[in-house]
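J.: The following comprises the amino acid sequence and a computationally predicted model.
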Amino acid sequence: MIRLGRPAPRAKDHDDKLVPMINVIFLLLMFFLIAGNLKPLFSEEQLIPLSRSEALPARERIELSLSRDGVLTWGGEAVDAARLGARLRAQPDGVPEALSLRADARTQAAALLPVLDALRGIGVQRIAIVTLRR
């Protein structure tokens with residue numbers, strides 16, 4: 001009968017505890033990427049128009065919303081053209097050079113044109129109308 005010696009004790013590897021930690025961090029990262037959208041993209045009653053144009057790069061800018069019945073909102077609060085001018089001038093950087101306008105696809109052009117004219121009169125140089133790409 002052959003007697004084999006006891007196997008030599010394996011030295012503890014310090015990397016053994018690293019793999020579960022990487023897994024937990026990866027799972028947290030995936031959770032926050034999927035569930036971390038804090039700001040709703042569109043209001044539920046608003047229908048976004050479709051577009052065939054290429055998407056422009058997203059920038060941090062002021063976003064206005066125009067509902068189907070022509071009500072202009074900024075930050076969830078209804079504003080008219082006169083109050084909008086005062087609020088834009090009160091911004092830390094003054095009147096922005098560009099802003100985004102989310103108009104409902106069912107909005108009549110007759111309701112959209114006065115808003116665009118008022119924004120141009122305030123001094124806004126570029127107005128990006130938000131659309132969905134087909």
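T.: Looks like it arrived, so ask away.
J.: lowest-confidence helix or strand of this protein?
T.: Using mean pLDDT, DSSP states H and E, strand 50-51 stands out as the lowest-scoring helix or strand of the chain, at a mean of 66.
J.: Strands of this structure, residue ranges please.
T.: Under the criterion DSSP state E, the chain carries strands at the ranges 50-51, 62-66, 72-74, 77-78, 98-103, 126-129, 132-133.
J.: So for G5, which of these sits nearest?
T.: Nearest of the strands of the chain to G5, taken as Cβ to Cβ: strand 132-133 at 70.6 Å. Just so you know, the C-beta spots here come from the backbone N, C-alpha and C atoms, and that holds for glycine as well.
J.: and the longest helix along the chain, what does it pack onto?
T.: The single longest helix within the chain, with elements called by DSSP state H, is helix 18-35. Judged by 3 or more Cβ pairs under 8 Å, 6 or more residues apart in numbering; DSSP states H and E, helix 18-35 is in contact with no other helix or strand.
J.: Just send the strands of the chain back as JSON lines, with mean neighbour count and distance to G36 too.
T.: Formatted as JSON lines, the strands of the chain follow (neighbours: other Cβ atoms under 10 Å; distance: least, Cβ to Cβ, whole Å):
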{"stretch": "strand 50-51", "mean neighbour count": "12", "distance to G36": "27"}
{"stretch": "strand 62-66", "mean neighbour count": "19", "distance to G36": "19"}
{"stretch": "strand 72-74", "mean neighbour count": "18", "distance to G36": "24"}
{"stretch": "strand 77-78", "mean neighbour count": "10", "distance to G36": "25"}
{"stretch": "strand 98-103", "mean neighbour count": "19", "distance to G36": "21"}
{"stretch": "strand 126-129", "mean neighbour count": "14", "distance to G36": "25"}
{"stretch": "strand 132-133", "mean neighbour count": "10", "distance to G36": "22"}
